[in-house]
Every structure is written in C-alpha cells, then in structure tokens.
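[1] Here is a sequence together with a model predicted from it:
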Amino acid sequence: MSETLLILYGVICFMLVAALVAVETRDLLSSVLCLGAVGFGLAVVDLIVGAPDLALTQVVVEIFAVVLLIRTVVAREDTTREFIRDTPHVAAMGAMIMGILIGAYVCFQQLTPFGDPPMVMGASYMRAAEEAGATNLVTAVLLDFRAYDTLGEATVIFAAIMGCYALLRTRGRKEEHEGHDADS
Amino acid sequence: MAFLLPLSVIIPLGAAFLIPLAQLIRSKKGCPAGEVIALAATAALVVISLCGLATRRTVTTWIGGYEAKSELLGLTGTTLPHTSEGEADPARPRGVVIEQAVPGSAAAEAGLQEGDIITGWKLPSDKRFGPVWSMNELRRQNAALEPGSIMILQVERNGSTLEEAIKAGKSVAGIAMVGDGLTRLLLVIIGVVSFTAVLFSLSYMRTYTKLSLYYSPLMLMIAGMNGIVVSGDLFNIYVFLEVAAVSSYALVGFGVESEELEASFKYLVLSAVASAFILLGIGIVYSLRGTLNLAQIAEFTQFAKPNDAMWLALAFFVAGFGLKAAMVPFHAWLPDAHPSAPAPVSAMLSGLLIKASGVYVLARLVFNVMGVSTAVAYVLMTMGMLSMLVGVLLAVGQWDLKRLLAYHSISQMGYVVLALGVGVEVLAKQPASALGVPPVAALAIFAGLFHLLNHAMFKSLLFLCSGSVVHQTGTRNLKELGGLSQRMPLTCFFTRVASLSIAGVPPFNGFFSKLLIVIAVVWAGHWFLGGLTVLVSFLTLLSFIKVQRYVIQGELPAKFSRIKESPAPMLVAMGILAVMCIALGILLPLYGSGLLKPAADSLTQLAGYATSVFGG
Amino acid sequence: MLHAVLPFVLCLVLFIIGLYAISVKKNLIKVIVGVIIIHNSVNLFLVLIGYRVPATGSAIAPIITPQMGRDAMDVRELLSHSVDPVPQALVLTSIVIGLAVVALMVVMALRLHQKYGTFDLTEISKLKG
C-alpha cells in the first residue's frame, strides 16, 4: 500500500467525519464551517490525485459558498426535532444504508479498478491537444473540445443570476387595481 | 439540414440574453421588447422544427472537435494478475487474455482469437515491445494513435509467440448533436407548446412584476430542453438538464408568495438529488467505457457482457430520471411545484419538462445506449403502472383545480412509461431478426410516443384553461367556482375539448393513443395491465366530470357575475392547442408515418443508433 | 482487491450522509448542507475515476511542462503515466453548476425566513405535501 493511497484515505475519512459533524451539530454556524472543511478536504484530494486546476476552483467556490451560507444563518440554533429517534426507525434506516453499501460494494467489484481508467476519450483528446499545441490538457478539453459544455455552464450561471433577481423581488404580483387595468 | 440542430439551441439562448439587454435599453413606456423577442424566438423554433421534418435520415453535427468516424478496437479481455499487494511481481507473467474479438472489428481483422495472450505492444517504428499492464492500458494507447495507423501486438497463442498488426481505434470526437426521428418529434412538441405558452403569457403575465426576469428564464428553459433533446453526449445532456432545471426553479417561485417559494425549494432539493444520481451514473459509465459519446457507448454495448457496475449505473439513471419525470416512488415534488408556477409555466413544466428531461433521456438510454433487458422492462412497467394508478387515485380527491391537473400528469406519464416498458420487454425477449422488429414492440413504442405527443397538447391546454379561469376569477378552488360557461364560453369550450381528450373519449386524440396502448399491452400478453389501463382511463373520466360539474356547469356565484372572457392572445393560444387535440387524433394516418413512425424506429433500432450516428 | 473499490465506496458513504441530512433533518440550513455534501461526494467520485496510479512518486497532472519539451515522444510518455483529463474537465463544470444551485437555494432560504420567520421545515408547510 503506497504512501499516496494512505494520505488519500486519511483525507477522505476527514471529509466523512466533517460531513457527519456538519449534519449532526445543533449549532448552525459550526455546521456551515464543517461543511467548509468538507470542501477543503475535497480540494486536498484534488491535489493528491493530480488535479491542481480543480483544487484552485474548489477552494474559490467553497469560500464563496461558505460566505453565502454564513450570511444566511440568521438564527444560529437548530431547534427542530427529527421524527426518526426511536429504535425501529433507526434500525430500519441502518439496515437500508448497509444494504445500499453492500450492494454498491458488490457492483463496484466489476467497475474499472481504482487507478486504471480506460481513458478512450481522454487519450484521443491528448493526441489532438498535442497537435494543437496546448500545454494544459484540462483547459484544452474545457475550452476547445468540450467548449459547448462550458457554454452550457455559463448559461447555468446566467440562469441562476436571473433566478436570484426574480426571487428577490419584494412583490411578485401587481396591486389588484393595476392588474385589472392591464387586462382591459 | 445539419445547421438546424445548433440553431434550435442558439435561438432561445440568444433570446434569453437579449431580453434583459432590451429591457435595459428601451425607454420606460416603450414597446414590450421582451415579449416580442420571446414570441419571435419561439415562432422561429416552430418553423425550424417543422423544416427539420423534411429529412428522414439521422443528422449528426460535431461541435468543438473533429469529424469523427468511430472504429472499434473490438476487444474484451482480462488482465493476468501480475501484481501482489499493489507491487509488481516479476515472477508472474504480464499480459491480457482475450475473451472476445468482435467479428468485423479491427481486432478480428488482425486475426486475434479468443484465448490469445497479448504480452506487449509497439509502433512499427519502435525497436522493442513495451509491456501491456492491463486491458485499459491497451485501450488507452490504441485510442491515442492517429486514426488508421498501425499498432503491433505481441501475442502468445498455443505456446508460440506471434506478431499481429492491428489498426488504430477511434478518432477524436467533440460533442455530437444528433437529430434522429425521436429528436425531431420532441423538437416539434417543444416548439408548439412553448409558442402557445409565450402567446398566453402576453396577457396572463401582465399581473406580475419585472417581466424581463420571467421571459429570460423561460427562454433558457426552452434552450435547455432543446439542448437535451439534440445532444448526443452524456455529460452534455447533464449540463443542459441543469440549464432547464435551474431556470425552472426560478419560474416556479416567480410569484414569490410563501407557498410558491416553499414549492420551489422542495422542487429544487429533490431535483438536485436527481442531478446527483444522474452524475454518479455518468461517472460509472465513463469509468467503464472511457467515453461520453452516446454512440460510442452504444457500440461497446453491442458486445459487452452484462456488468454489475453497469446495472448500478442504470439504477442511478432510473432513480435520477424517475425523479425528474416524477414517476411514482419519486413523485412528491410535482403536485407542489407544477400548480405553484404561473399557468403558462405549469403548462411548460407538465407538458414539456418532465418529458424532455425525464422520459426522453431515460428512453434514449435504455433503448439505444445501455441495452434492453427484461429487468429494466419490469422496473419501467412497475413504475408506469404505479404512476398511472396512484396519480389518478390522488387526483380524484382533489379540490384544487391545478393540483388535480398535476396529479393527472403523473398518471398520464405512467401510460407512456408503461407502453415503453412493454416495448423494452418484447425487444429483450425476442430481439429484432431478419424479419424486422417484433410488431408488438413497434406498436407499443409507437403508442407510447403518440401518447407523449398527445399529453403535451391536452395537458398544456388544461393548464392554460386553468390559468384563464384563475386570471379572471382569482381562485382555483373547485368549491368556489361554477357556472362559468355563461360568462367565459370559449374557455369552457376549450376545457371541454381538453377534458374529453385526456379522458380518452373518441374522436379526440387521447382516445386513439390510449386505445393503441391497451392493444399493445394486451397483445404482449399482459391482460391484467390492459384492464388496469382501461380502469384508470375510466377514473380519469370521472375526475374530469367533476371538473365539468364544478367549474363549467352549476350556479354562477354572485361575486363572479361581472367577470369577462379572457383577452384575445390567451384565447388564440388555447385555440391552437384545442385544434391540435382534435386534429392529432383524426389526422393520424396523414402525419403518423412522417412524425411518429421515424421516432419509434429510432428507439426500436436499439444499438443500431451508433451506426446511424457514425454514418454506416 | 479492496483498494480497487474502497475509495469509491467511501464516496458513496459521503453521498449517503448527504442524503440522510436531506431526508431526516427538518432545518432548512441542514437541508442545504446535505445538498452541498451530495455535490461534493459526486465531484469526489468523478475525480477519483480519472486517477492513474503513477509508476513512482505522486500523481502526474495532465499538463505538458517546459521540462518535457514539445516532443511527440514525451507526450506519449505523459499519456502512459498522467491522470485522465476528461473527468477533471467534467468536475470543473459540475462545481460551477453546483455553486449556481447553492446560490439559488440560499436566496430561497432567505426569502422563506423573511416570510415565515423560521428555518423550521415543520412550520414552513402551507402546502399539503
């Protein structure tokens, strides 16, 4: 077992613990901060598996998301109660989760093993990128071969901005008399 | 005709960007620029989709890449265990044992046979052979070669060592846009319904504020749906799915009252979970096949063995797209989200979005890409049956007009999924032979797609009618309404047409598609399901008799004594759809072979999809 | 063969934690937290799919560095060692899409808090469900 793999497992376990704390803690602010820890864990994983561009983007996006969420947490205490607290519910839920995990474990046995991707599309992109003279293959894929996806991504951001503006209007409908004036 | 595919995405996208700009530029009391742009764009979409019907063959356009012709390596194999504890073990032999060399592929032409062990590879210019660590290593190196160049393999066969020259595999593919029969059908549906929805909005949306923030997401939603439908790439489908979904979240909550925001939030959370399932599935497929192009994946599917991980991916896809299509175990969000939106948006969501981002993609994946099997067929049939039954049972008890319609959406989409499921079952049991596609499967799929087309028309019409009622009376509670035929005769006439259509009363379109579905289901041997289909149709009729009774007939409440008929644009929009409801049923022999038959054919050709995309 | 699947199973555990938060927790912020955890787990899964075990040392990013020169031979060398660039490009796209969704969710949460004065989902229930 190599050193890289050990570090990888360590970071993923850290993410799992942070996620659990984020879900279970009563203090909403700590919950959001633990969520930030999950995101930064993901950035570290990106670095370990050789994706520096991804790590940078992840850090920036995570900071943005956490700041947004901290702004949202106007009431700090989580006073709600879950309906699942009695033993039968917990047992049923645990059984379901174990079932899913075991099923997934069995299915994953036939997945391409970790660390040996077939890369059919990736390899042909690499050859084409070399002909085109690109240095960073990720950006070559993003901005050249799959630029149409990037257009879609920009469109999603645009849609979200429009949506935020639409939802932040104070009044959705005009006053009653205004509406009837418009009709006639 | 190939340029029509990009146009059908670019036009609504351009309109979406133009509308806020036009809003900024125009003077305060100028002409309604946003409305004009939106109407022009949707009209253009109708024209484009109808022009597209002129061609019958599959059209492929590659974006951001090379003109690609896929050519398979055509090899499956297992890696010899050459490592122990993750470290290379020199004592053990390296190599790949061939399990199958697909007839007609590059591997078979090179003379590779089952049981051969590939131990090394090189280019013709190299001196020594490099090691082959795994099957995936071979696939990687092969994919990186120039198309048409040669790769030399060192092969051990029966104890002797041979050298075999093999042609390089596939070349680079950008993102493919594929237009086949099914795509054209969906483009026509999206064009017509979104045109009427925009026309209806001209008057209906006057009561809302900040309309440029309405038309722009509406155009983005259309662009997203068109993008899904024309896309031939798995991840690209996901991206446009998100475009359509994100704009629909905003549209559902457009009224910003507490109920609308709540419905929108619920919809967003469940839809985000669905997207996550879909992305997980995409990850598994990419990991196994190494490519995202649907046609290339379909080529692999033709000869690949059943694989547990692929089943998991399919399960994720069924969960994800089932959530998007609101099939019954996953239907919780729909009865909240669809009624809360403004009426034209409800019409778009029920009439188009659950089809384009749910049923269409699922059908495409199951039939053309992942391969049909009886297990998938039974899952689809169960989901369809449950949706049909549960949807209609919940609808019968509703007193909220739009909520009732939303439950009927679940029920009617159940019909479509049931019919497609029967088609999958028949195709999985008796695959297409020299005699052609089994007629039961062809009929079931034809009927399913016909019902999909009809549902888009009559459900949009119903939602528009409900919008017209709400617009004039301000309520959608059945108990408060009544006697509207005296004051709003045209709206009531359109409501009757749509109700009779959805209930499956003869000469209207719903009757013919339901009849075909029942025939196909019974022909396939499912008597019970056939009976259930008729029963659900009867319950639907009951539920719409209730609508007639409480909205159209009865006493006109005193407070509505001064209401008027809706303004002209709304009536024209409803009229177009009402004409469709009548014409689509009666004129089936005229357009069936040009619109529906090619769509059904593109599903029944199964993995032949790959050949038609790469041009034979 | 444990190491061939364990990282993927851990991703799925993260996914289930997120799903648990969405289905069980009754606080708006917790639901948002759950959705973000799910996004992160899917991104993690995609990144791990593209990983290549290098011959020695740490993973090799798919970047042609000046030291390698621009020789075709070097690119072949890179190909046989570097990680897959395609999943990375996919994750970049999906991270940004996730951010867009989170922004919308936050706006909705703020508006709901304005309307109802609470994050408690049991009190935010005008709809019958």
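    Arrived safely, thanks for sending. Residues are numbered from 1 along each chain as shown, chains lettered A, B, ... in the order given.
[2] does chain C sit close to the helix or strand that A:A43 is a member of?
    Assigned by DSSP states H and E, A:A43 belongs to helix A:28-48. Yes - remark: helix A:28-48 sits within contact range of chain C at A:L28, A:S31, A:V32, A:L35, A:V38, A:G39, A:L42, A:V45, A:D46, A:I48, by CB under 8 Å from any CB of the partner chain. Quick note: C-beta positions are derived from backbone N, CA and C, even for glycine.
[3] Quick check: buried residues in the helix or strand that contains B:V522?
    Using DSSP H and E, B:V522 sits in helix B:509-523. Along helix B:509-523, these residues count as buried under the neighbour rule (16 or more other CB atoms under 10 Å in any protein chain shown): B:509-518, B:520-522.
[4] Now do the helix holding A:A43: which elements does it pack against?
    helix A:3-24, helix A:52-72, helix C:28-49 (3 or more CB pairs under 8 Å, 6 or more residues apart in numbering or on different chains; DSSP states H and E).
[5] re earlier: which neighbouring elements make contact with the helix holding B:V522?
    If you count contacts as 3+ CB pairs under 8 Å, 6+ apart, helix B:509-523 packs onto helix B:401-429, helix B:439-473, helix B:489-503, helix B:527-547, helix B:568-586.
[6] what two of the buried residues of helix B:509-523 are the furthest from one another?
    Spatial extent of the buried residues of helix B:509-523 (CB to CB) is set by the pair B:N509 and B:V522 at 20.8 Å.
[7] just the helices in the stretch 151-300 of chain B please.
    Along the stretch 151-300 of chain B, counting by DSSP state H, counting those that start in this stretch, helices occupy B:181-204, B:212-230, B:234-252, B:258-289, B:294-303.
[8] Nearest approach to chain A belongs to which of these?
    Of all the helices of the stretch 151-300 of chain B, it is helix B:234-252 that lies closest to chain A, at 3.0 Å by CB to the nearest CB.
[9] And chain A, is that closest one touching that?
    Yes - using CB under 8 Å from any CB, helix B:234-252 reaches chain A at B:F235, B:N236, B:V239, B:F240, B:E242, B:V243, B:V246, B:S247, B:Y249, B:A250.
[10] The third one: neighbouring residues, count only.
    Burial measure for B:V239: 27 neighbouring residues, criterion other CB atoms under 10 Å in any protein chain shown.
[11] Equivalent analysis for the first one, please.
    For B:F235, the count of nearby residues is 26 (other CB under 10 Å).
[12] Contacts only, for it.
    When the contact criterion is CB atoms under 8 Å, 6 or more residues apart in numbering or on different chains, the partners of B:F235 are A:R146, A:D149, B:I282, B:L292, C:L90, C:T93.
[13] May I ask you to confirm that A:V74 is in contact with C:H113?
    Yes - if you go by CB atoms under 8 Å, A:V74 and C:H113 touch, sitting 6.2 Å apart.
[14] Give me the more crowded residue out of these two.
    The residue with more neighbours, out of A:V74 and C:H113 and counting by other CB under 10 Å, is C:H113; that gives 18 against 13.
[15] what mean pLDDT does the helix or strand hosting the more buried one have?
    Per DSSP H and E: C:H113 is located in helix C:85-116. What helix C:85-116 shows for mean pLDDT is 93.
[16] centre of the chain versus it, how much separation?
    Chain-centre distance of helix C:85-116: 12 Å, with CA atoms, centre = their mean, to the nearest Å.
[17] And stretch B:96-108, by the same measure?
    From the chain centre to the centre of stretch B:96-108 is a distance of 34 Å (CA atoms, centre = their mean).
[18] Just give the closest residue to the one residue in the stretch 451-600 of chain B that gets nearest to chain A, not the sequence neighbours.
    Nearest residue of the stretch 451-600 of chain B to chain A: B:P567, at 6.3 Å (CB to the nearest CB). Once flanking residues are discounted, B:P567 sits nearest to B:S203: 4.2 Å by CB to CB, 6 or more residues apart in numbering or on different chains.
[19] before we move on, the earlier item: now the residues of helix B:234-252 next to chain A in JSON lines, with distance to B:A54?
    As requested, the residues of helix B:234-252 next to chain A are exported to JSON lines (distance: CB to CB, whole Å):
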{"residue": "B:F235", "distance to B:A54": "31"}
{"residue": "B:N236", "distance to B:A54": "25"}
{"residue": "B:V239", "distance to B:A54": "29"}
{"residue": "B:F240", "distance to B:A54": "25"}
{"residue": "B:E242", "distance to B:A54": "32"}
{"residue": "B:V243", "distance to B:A54": "28"}
{"residue": "B:V246", "distance to B:A54": "34"}
{"residue": "B:S247", "distance to B:A54": "30"}
{"residue": "B:Y249", "distance to B:A54": "37"}
{"residue": "B:A250", "distance to B:A54": "36"}
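[20] for the residue of the stretch 151-300 of chain B found nearest chain C, what are its contacts?
    Residue nearest to chain C within the stretch 151-300 of chain B: B:S258 (4.1 Å; CB to the nearest CB). B:S258 sits next to C:L112, C:K115, C:Y116, C:I124, C:K126 when contact means CB under 8 Å, 6+ apart.
[21] any idea how far it lies from B:G95?
    Distance of B:S258 to B:G95, given as CB to CB, to the nearest Å: 66 Å.
[22] The strand or helix carrying B:Q23 close to chain C?
    B:Q23 is part of helix B:4-25, with elements assigned from DSSP H and E. No - Helix B:4-25 lies apart from chain C when judged by CB under 8 Å from any CB; the minimum separation is 14.8 Å.
[23] residue nearest the centroid of chain A?
    By CA atoms, centre = their mean, chain A has its centre lying nearest to A:G39, at 8.0 Å.
[24] was I right about that residue contacting A:A65?
    Yes - the pair A:G39 / A:A65 is scored as a contact, 7.0 Å apart, by CB under 8 Å.
[25] quick one: common contacting residues for these two?
    Overlap of the contact sets of A:G39 and A:A65 (by CB under 8 Å, 6+ apart) consists of C:I36.
[26] mind listing what the residue in the stretch 251-400 of chain B positioned nearest to chain A touches?
    Scanning the stretch 251-400 of chain B for the residue nearest chain A gives B:G290, at 3.3 Å (criterion: CB to the nearest CB). Neighbouring residues of B:G290 by CB under 8 Å, 6+ apart: A:P117, A:P118, A:M119, A:V120, A:M121, A:G122, B:N136, B:R139, B:R140, B:A143.
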